[in-house]
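**Student:** Have a look; sequence and predicted model below, questions after that.
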Amino acid sequence: MKELKRIIEVYENIDFTQRKAAMATVVKLYGSSYRRPGARMLITDDGRWEGAISGGCLEGDALRKARQVMSTGEPMLVTYDTMDDENADSLAVGLGCNGIIDVLIEPIIPDHIYNPISLFKTYTTHSVRDTAVLMTVFRTEGEPDLQVGERFLLLNDGTLHPSTTKNLPLFLQQDLTKVAQGGKSQVKLYEQPSGKIEAFLEVLHPGIHLVIFGGGYDATPVVRLAKEVGWHVTVSDDCVAHLTPIRFPQANAMVNANRKEILQHIPITPFTATVLMSHNYKYDMAVMENLLTTQVPYIGMLGPRKRFQKMLEQFESQGKTFDIEIINRVHSPIGLDLGAETPDEIALSIISEIQAVFAGRKGEFLKQKPGFIHERSQQQVEISSE
């Protein structure tokens with residue numbers, strides 16, 4: 001989300017009376033690559049760019065191809081075979097990956113109906129807490145109903161953004177819905193009597209919303225690191241003196257709320273992570289009681305393991321019980337075992353654990369992980385239109 005917002009920011013500062021622009025997007029991958037499908041870079045005709053589609057290997061050639069696209073006004077699909085040493089020599093780069101990468105390079109025209117930046121702006125402005133699915137046609141054969149560069153955006157409420165004058169075929173809309181429900185981006189190949197369509201169905205995630213309860217000095221590096229990786233950060237405390245802009249200049253929001261009424265002020269979504277670090281046992285216990293009634297995916301609490309055990313015992317003595325599923329989402333002690341001692345090191349441990357939890361990973365050493373780091377291919381599904 002951080003990269004996408006930065007691309008939008010750069011786009012809005014382009015003077016299109018003087019400049020032309022193009023966007024390169026990784027739409028398909030077989031094997032391994034530094035960047036995954038959905039990686040983007042915005043390029044202008046003066047040689048500047050924002051974002052990246054590789055670890056620096058492909059950007060130079062993408063710039064050259066982008067100039068062609070800006071000149072012709074027509075999109076181009078480029079395939080980079082990083083498994084082929086001869087291809088690396090022809091590109092004059094050292095390709096450190098081992099995959100075949102399809103990159104769609106297309107002109108960006110502000111008032112064009114298929115301008116992808118307009119769709120991204122719609123999503124980041126109106127759906128900051130929801131997922132969406134963006135379908136991008138990147139390859140065709142024959143004379144199918146859709147053309148390269150056409151896009152459709154399925155919003156979280158199940159409606160299609162009016163991004164095109166054409167009606168999306170029903171079987172494609174059904175696939176968008178399935179991908180939205182599965183939460184995983186896919187590449188799909190569709191066969192029609194008139195031709196073939198290959199499309200990238202990309203799940204757009206709003207990013208993690210980190211809510212920190214407690215405005216102490218050690219919350220500052222947690223806020224800073226979370227913002228550095230692109231998360232939305234809210235700091236909450238029932239003491240307004242702890243919530244000062246000078247202490248948390250990077251925070252998106254600061255909420256002064258009574259400890260028993262936090263759910264009235266802070267929305268909980270599938271992308272919310274909560275961290276309790278007030279050093280005030282009664283405050284943390286009141287916040288914990290509120291959070292245990294929600295479906296928040298992550299609750300982390302600073303302090304020793306016995307601190308949370310004491311809370312559970314007190315809840316039980318008061319006749320309060322909570323679903324075991326939500327109790328298992330509590331991470332106490334908080335963080336990965338990095339040997340952290342200082343506030344900055346502890347912040348790194350906390351942010352690392354939250355990232356691992358939302359990615360469904362264990363936070364282990366990659367060298368000890370069996371198999372590949374990432375999935376090495378995307379499923380292609382052939383569907384015939386009716």
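**Tutor:** Perfect, I can see it now. Numbering: from 1, shown residues only.
**Student:** Helices along this structure, start to end?
**Tutor:** For the chain, the helices defined by DSSP state H cover 2-12, 59-72, 85-91, 116-126, 170-182, 220-228, 281-291, 305-317, 324-327, 343-359.
**Student:** Any idea which of these gets closest to residue 243?
**Tutor:** For the helices of the chain, proximity to residue 243 was assessed by CB to CB; helix 220-228 is nearest, at 11.6 Å. No exception for glycine: its C-beta is placed from N, CA and C like everyone else's.
**Student:** buried set for stretch 179-191?
**Tutor:** By 16 or more other CB atoms under 10 Å, the buried positions in stretch 179-191 come out as 179-180, 185-188, 190.
**Student:** can you count the residues close to the residue nearest to residue 265 when sequence neighbours are not counted?
**Tutor:** Computed as CB to CB, 6 or more residues apart in numbering, the closest residue to residue 265 that is not its neighbour in sequence is residue 257, at 4.4 Å. Residues lying near residue 257 (other CB atoms under 10 Å) number 16.
**Student:** residues in contact with residue 257?
**Tutor:** For residue 257, the contact set (CB atoms under 8 Å, 6 or more residues apart in numbering) comprises 236, 238, 264-266.
**Student:** what about burial for those, which qualify?
**Tutor:** Buried among the contacts of residue 257 by 16+ other CB under 10 Å: 236, 238, 266.
**Student:** quick revisit: so can I have TSV of the contacts of residue 257 showing distance to residue 275?
**Tutor:** TSV is the format used below for these (distance: CB to CB, whole Å):
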residue	distance to residue 275
236	10
238	16
264	20
265	16
266	12
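**Student:** which of those residues lies closest to residue 131?
**Tutor:** So of the contacts of residue 257, ranked by how close each gets to residue 131 (CB to CB), first place is residue 266, at 19.7 Å.
**Student:** Need the phi and psi values for the closest one.
**Tutor:** Backbone torsions of residue 266, given as degrees, to the nearest 10, read phi -130, psi 120.
**Student:** separation between it and residue 272?
**Tutor:** Look at residue 266 and residue 272: by CB to CB, to the nearest Å, they are 8 Å apart.
**Student:** shared neighbours, these two?
**Tutor:** Here residue 266 and residue 272 have residue 211 as joint contacts, going by CB under 8 Å, 6+ apart.
**Student:** circling back to that earlier point, mind checking which of the helices of the chain is nearest residue 145?
**Tutor:** The nearest among the helices of the chain, by CB to CB, is helix 170-182 at 9.3 Å.
**Student:** Which residues does that closest one contact?
**Tutor:** Contacts of helix 170-182 (CB under 8 Å, 6+ apart): 131-133, 135, 152, 154, 156, 158, 160, 168, 185-186, 188, 190, 199, 201, 203, 383, 385-386.
**Student:** What of stretch 323-340?
**Tutor:** Stretch 323-340 is touched from outside by 275, 277, 288, 292, 294-305, 307-308, 312, 345-346, 348-350, 352-353, 356-357, 363, with contacts defined as CB under 8 Å, 6+ apart.
**Student:** Please identify the buried residues of it?
**Tutor:** Neighbour-count burial for stretch 323-340 [16+ other CB under 10 Å]: 326, 329-332, 334-336, 340.
**Student:** just to revisit the earlier point, mean pLDDT lowest where, among the helices of the chain?
**Tutor:** Of all the helices of the chain, helix 85-91 carries the lowest average pLDDT, namely a mean of 54.
**Student:** quick revisit: now the helices of the chain as JSON lines including distance to residue 108?
**Tutor:** Output for the helices of the chain, formatted as JSON lines (distance: least, CB to CB, whole Å):
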{"stretch": "helix 2-12", "distance to residue 108": "7"}
{"stretch": "helix 59-72", "distance to residue 108": "9"}
{"stretch": "helix 85-91", "distance to residue 108": "24"}
{"stretch": "helix 116-126", "distance to residue 108": "6"}
{"stretch": "helix 170-182", "distance to residue 108": "23"}
{"stretch": "helix 220-228", "distance to residue 108": "28"}
{"stretch": "helix 281-291", "distance to residue 108": "43"}
{"stretch": "helix 305-317", "distance to residue 108": "50"}
{"stretch": "helix 324-327", "distance to residue 108": "45"}
{"stretch": "helix 343-359", "distance to residue 108": "31"}
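**Student:** Residue 214 is nearest to which of those?
**Tutor:** Closest approach to residue 214 among those (CB to CB): helix 281-291, 7.2 Å.
**Student:** before we move on, back to that, which one of the buried residues of stretch 323-340 sits closest to residue 245?
**Tutor:** Checking the buried residues of stretch 323-340 against residue 245 with CB to CB, the nearest one is residue 334 at 25.7 Å.
**Student:** tell me the contacts of residue 143?
**Tutor:** 194-195.
**Student:** and residue 67, what does it touch?
**Tutor:** If you count contacts by CB under 8 Å, 6+ apart, residue 67 has them with residue 45.
**Student:** I'd say residue 35 and residue 54 touch.
**Tutor:** Yes - Residue 35 is within contact range of residue 54, at 5.6 Å (criterion: CB atoms under 8 Å).
**Student:** Among these two, which residue is more densely surrounded?
**Tutor:** residue 54 (25 against 20).
**Student:** Just list the residues touching that one, thanks.
**Tutor:** Contacts for residue 54 (CB under 8 Å, 6+ apart) come out as 33-35, 39, 97, 101.
**Student:** got it, and residue 319?
**Tutor:** Residue 319 makes no contacts at all, as judged by CB under 8 Å, 6+ apart.
**Student:** any idea how far it lies from residue 275?
**Tutor:** From residue 319 to residue 275 the distance is 28 Å (CB to CB).
**Student:** next one: residue 357
**Tutor:** Residue 357 is 12 Å from residue 275, by CB to CB.
**Student:** what do you get for residue 228?
**Tutor:** Per CB to CB, residue 228 is found 16 Å from residue 275.
**Student:** Kindly report the same for residue 144.
**Tutor:** Distance of residue 144 to residue 275, given as CB to CB: 49 Å.
**Student:** for residue 39, same thing?
**Tutor:** Here the distance between residue 39 and residue 275 works out to 29 Å (CB to CB).
**Student:** higher neighbour count, the two?
**Tutor:** Neighbour tally, residue 39 and residue 275, criterion other CB under 10 Å: the higher count belongs to residue 275, 26 against 20.
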